[in-house]
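J.: need a structure here:
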Amino acid sequence: MYINKALVYGNLTRDPELRALPSGQQVATFSLATNRVYKDKEGNKKEVAEFHNIVAFGRPAELISQYMKKGRPIFVEGRLQTRSWESDGRKNYRTEIVVDNFQFGDGGNRGGGSTPSQTQTQPTGEQASQDAPAKGEAIQYPDEDINPEDIPF
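T.: Numbering: from 1, shown residues only. The predicted structure is shown next:
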């Protein structure tokens, strides 16, 4: 069995571009920036940004282009795909993540929300009433802090 899966959480580097294929299907293209923080040999904190090309089709493309703007966070789950084309007698390649599923990021107070995509399921009926706190009842969080040293990875 082979696995081609990409999970990325980052901020949009530009507004999504929505186009239509000749068949009428919607296609949205955008890119995400992710960063990695590490310490170099001297113990100095370094930060490296990576940029990912993303493409979404159909209803996810419409939703992403409607609600997402440059700088907003999004979680994307998909597969890697490399396409090629010729331009000026030269072969070009582009590796993209094709969206299978997505979730809007928190976005703070910028209205990004935490809305799940169309393909995710929501608890309904009895399950939803058991999971959600009663009206006026606050969610109880543990008092102790999590120590990063206790995390096994």
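
J.: from here on, contacts and neighbour counts on C-alpha atoms
T.: Will do.

J.: Helices of the chain, start to end?
T.: With DSSP state H as the criterion, the chain has helices at 58-67, 125-131.

J.: Just give me the lowest mean pLDDT stretch among those helices.
T.: Note on these: lowest mean pLDDT is at helix 125-131, with a mean of 44.

J.: thought Gln25 was touching Phe57?
T.: Yes: assessed by Cα atoms under 8 Å, Gln25 is found in contact with Phe57 at 7.1 Å.

J.: List the buried residues of stretch 21-35.
T.: Residues of stretch 21-35 classed as buried by neighbour count (16 or more other Cα atoms under 10 Å): 26-34.

J.: residues in contact with that stretch?
T.: Outside of stretch 21-35, the residues within contact range by Cα atoms under 8 Å, 6 or more residues apart in numbering are 8-20, 47-59, 61-62, 64-65.

J.: now, which of these lie within strands?
T.: Within those, residues falling in strands by DSSP state E are 8-12, 17-20, 47-57.

J.: Buried only: go through the residues you listed for me.
T.: In those, the ones that pass as buried (16+ other Cα under 10 Å) are 8-12, 18-19, 52-57.

J.: Out of the residues you listed, the closest to Phe75 would be?
T.: Closest approach between those and Phe75, by Cα to Cα: Tyr9, at 4.3 Å.

J.: what's the closest one in contact with, if anything?
T.: In this structure, Tyr9 makes contact with 32, 34, 73-76, judged by Cα under 8 Å, 6+ apart.

J.: what ranges of the chain fall below the confidence cut-off?
T.: Residue ranges of the chain with pLDDT under 70: 107-153.
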